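[1] Okay, here's the prediction I keep looking at, along with the sequence it came from:
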Amino acid sequence: MRRLLMILLLAAASLPGAVFNFSSSFETGTEGWTIKTYGFVLPGGTGPVQVASGGASGGYLETEDTMNGFLFFIAPPTWTGDFTGGTLSFYLRNQNPGNYGGSVQPLVWLTDGTTNLFALSGPTLPGVSGVDWTFSSIPLSLSFPSWSTNPSSLVAPAPAVVSTVLSNVTQVAILGDWVSRYYGHPLGCTIPNNDCRDITGLDEVRLYSSEIPEPGTAGLLLLGLAAAAGWRRAGRKA
């Protein structure tokens, strides 16, 4: 009986809907986060740097964009798996909201190693009213309305493409580039101070699933438990 229950639990954990919970608060360090610019080999920025205080709650992570392209905070390599139905939430702060670069930005970048999937943001941006921290929560599901395979396009991919990526995520990334012209940009922005530099803060990142199993998982467990109970009663009668 115990062996059967163990087999059922292991099988359920392997199905979509298994519980997962990743988090980074950056209270004491970078916690394995790195940076990378989409479409470029070079990192494209300085950092990430852990800042001891001033975040959404204590310490936070900071990076500065120094070249063309979209610069992202990259989660630790352990943040991989089937994240279908989960949620990715975080706080961002744009150091220079007056230099915001556009109305549509690739807020989150996910990939399965083959296809890139972006959760595009609307006109709301981090720190729109100054240097305030802005909270975002992205549902990792087919119902999210702004998936795209192009960081600059609103063209939605087929649901099958979204499903394939979400079920086998090999990289989780959050945009760290909210200013149109970084310090040293060839078209301008040459003042060496924080009024010109493209600096973004990240804090309180969570990637988690519901603790309630998906219907398919719960159904498997209930069916297995019912069968096990039936076999046990049959054995007693014999």
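    Structure's in. What do you need?
[2] domain assignment for this structure?
    Domain ranges of the chain: 1-19+213-238, 20-209, per automatic domain parsing.
[3] Strands of the protein, residue ranges please.
    21-24, 34-37, 45-55, 58-65, 71-74, 87-94, 105-111, 116-121, 134-139, 147-148, 171-175, 198-208 (DSSP state E).
[4] quick one: which of those is nearest residue 162?
    strand 147-148 (5.2 Å; C-beta to C-beta). To be clear about C-beta, it is placed using only N, CA and C from the backbone, and glycine gets the same treatment.
[5] Pull up the pairing partners for that closest one, direction included.
    Strand 147-148 pairs in its sheet with strand 116-121 (antiparallel), by DSSP bridges.
[6] how much does the strand it pairs with deviate in direction from strand 134-139?
    130 degrees (axes from the mean of the first three to the mean of the last three C-alpha atoms, to 10 degrees).
[7] ok, residues contacting strand 116-121?
    Contact with strand 116-121 is made by 38, 104-111, 136, 138, 144, 146-151, 154, 157, 161-162, 165-166, 175, as judged by C-beta atoms under 8 Å, 6 or more residues apart in numbering.
[8] Residue 143 and residue 115, how far apart?
    19 Å (C-beta to C-beta, to the nearest Å).
[9] For the closest residue to residue 95 other than its chain neighbours, grab the count of nearby residues.
    Spatial nearest neighbour of residue 95, excluding adjacent residues (C-beta to C-beta, 6 or more residues apart in numbering): residue 199 at 3.8 Å. By other C-beta atoms under 10 Å, 25 other residues sit near residue 199.
[10] cool, and residue 82?
    18.
[11] likewise residue 91?
    What residue 91 shows, counting by other C-beta under 10 Å, is a neighbour count of 19.
[12] Same question for residue 26.
    If you count neighbours by other C-beta under 10 Å, residue 26 ends up with 26.
[13] and if you look at residue 21?
    10.
[14] again, but for residue 174
    23.
[15] Would you mind finding the most buried of the strands of the chain?
    strand 71-74 (a mean of 26; mean count of other C-beta atoms under 10 Å).
[16] pLDDT averaged over it, what's the number?
    Averaging pLDDT along strand 71-74 gives 95.
[17] correct me, but residue 62 touches residue 52?
    No. If you go by C-beta atoms under 8 Å, residue 62 and residue 52 don't touch, sitting 10.9 Å apart.
[18] pLDDT score for residue 205?
    If you check residue 205, the pLDDT there is 97.
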